[in-house]
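K.L.:
Based on what follows, work out the 3D shape:
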Amino acid sequence: MSAAPAPIKTPCIKVCVVDGESGLCMGCYRKLNEVAAWGRLDDAERDAIMASLPDRRRLIRPEKLAMF
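P.N.:
Now for the predicted structure:
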């Protein structure tokens, strides 16, 4: 019997609200096309996106993030 595949790393925190100004999810800071393609990306592509997420947070106004 083969082992189950390793789970895919994801920054999702189940707060799926898109900021209209930046186009980013206010929970994970990904773009909608990144969220949609996440399962098809390879590990290197996901790692590159995840490395960029902390810098994206500043693209959303702090008062909006305070809601979460």
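
K.L.:
quick one: the helices in this structure?
P.N.:
All helices of the chain, identified by DSSP state H, fall at 32-37, 43-56, 62-65.

K.L.:
For the ones you listed, give me CSV that also has distance to V18 and mean pLDDT.
P.N.:
(C-beta placed from N, C-alpha, C; glycine too.) Converted to CSV, the helices of the chain look like this (distance: least, Cβ to Cβ, whole Å; pLDDT from 0 to 100):
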stretch, distance to V18, mean pLDDT
helix 32-37, 6, 97
helix 43-56, 13, 97
helix 62-65, 11, 94
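
K.L.:
For G20, which of those helices is the nearest?
P.N.:
Closest to G20 of the helices of the chain is helix 62-65 (Cβ to Cβ; 9.6 Å).

K.L.:
Please list the residues outside that closest one that contact it.
P.N.:
19, 26, 57 (Cβ atoms under 8 Å, 6 or more residues apart in numbering).

K.L.:
nearest to K9, of those?
P.N.:
R57 (18.3 Å).

K.L.:
Can you give me the neighbour number for the closest residue to that closest one other than its chain neighbours?
P.N.:
The shortest distance from R57 to any non-neighbouring residue, by Cβ to Cβ, 6 or more residues apart in numbering, is to Y29 (5.6 Å). When counting by other Cβ atoms under 10 Å, one arrives at 23 neighbours for Y29.
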